[in-house]
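In: Only the shape, not the letters, is given here:
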Ligand code: SF4
C-alpha cells in the first residue's frame, strides 16, 4: 500500500507528464552546459531538455529527464562513482534550499535564470570545488 507522500508524488508525475522534469542540482548545473557530455545521446537529449525547459519545468527527486539517458544510471541509481548517488542527492537538497523550491514546484527557465546569479557564490563554495565538470562550467557565460 502506498503512503500519502508516494500518492501525491505519483499525482505530480501524472499532472506534469508533458513538462520537463528536473532534479535539484540540474536546475543550477544546466545553466553552464557548453555542448559537452558523456556521449552523443546524452548531449542531444540535454539539448532537447533545455529547449523544452523554456516552456515549463517541474522539480522532482531522483533520476530526471537528464539522467534518463546517462550511461552511469543503473536501475535508477547513479553509478558514476561509489558514493555518487548519495552525493548528488545532497547536491539536490542544497540546490532546492538555495533556490527556495521543493519537489513538485513548477517554474520557467527564465525565472530560474534570474535566481542563479544570486545563489551562485554559495553554490560554487559547496558544490563545485571538486566537480569533474568545473573546467567546462568556468568557460560558460554567467559563471563569473
Ligand atoms: S562545476 Fe559541477 S557542480 Fe558546479 S555548476 Fe558545474 S556541473 Fe554543477
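Out: Sure thing, it's come through. Just so it is clear, the structure is predicted and the values come from calculations on it, not from any experiment. Residues are numbered from 1 along each chain as shown.
In: residue ranges with poor pLDDT in the chain?
Out: 1-15 (pLDDT under 70).
In: Enumerate the residues of the protein near the ligand.
Out: 28-29, 32, 127-128, 131, 133-134, 137 (CB under 6 Å from any ligand atom). Any C-beta I mention is one placed from the backbone N, CA and C, and that applies to glycine too.
In: repeat that for 8 Å
Out: Residues of the chain lying close to the ligand (CB under 8 Å from any ligand atom) are 25, 28-29, 31-32, 91, 123-124, 127-128, 131-134, 136-138.
In: quick one: which helix or strand includes the residue most central in space within the chain?
Out: By CA atoms, centre = their mean, the mean C-alpha position of the chain lies nearest to residue 26, the distance being 1.8 Å. Applying DSSP states H and E as the criterion places residue 26 in helix 24-29.
In: elements contacting that helix?
Out: Using 3 or more CB pairs under 8 Å, 6 or more residues apart in numbering; DSSP states H and E, the elements in contact with helix 24-29 are strand 57-59, helix 84-99, helix 109-123.
In: Highest mean neighbour count out of the ones you listed?
Out: Sort those by mean neighbour count, taking mean count of other CB atoms under 10 Å, and strand 57-59 sits at the top with a mean of 24.
In: What is it packed up against?
Out: Judged by 3+ CB pairs under 8 Å, 6+ apart, the packing partners of strand 57-59 are strand 20-22, helix 24-29, strand 106-107.
In: rerun at 7 Å
Out: Judged by 3 or more CB pairs under 7 Å, 6 or more residues apart in numbering; DSSP states H and E, strand 57-59 is in contact with strand 20-22, strand 106-107.
In: Please list the residues outside that strand that contact it.
Out: 12, 16, 19-22, 24, 27, 96, 101-107, 109 (CB atoms under 7 Å, 6 or more residues apart in numbering).
In: Perfect, that will be all.
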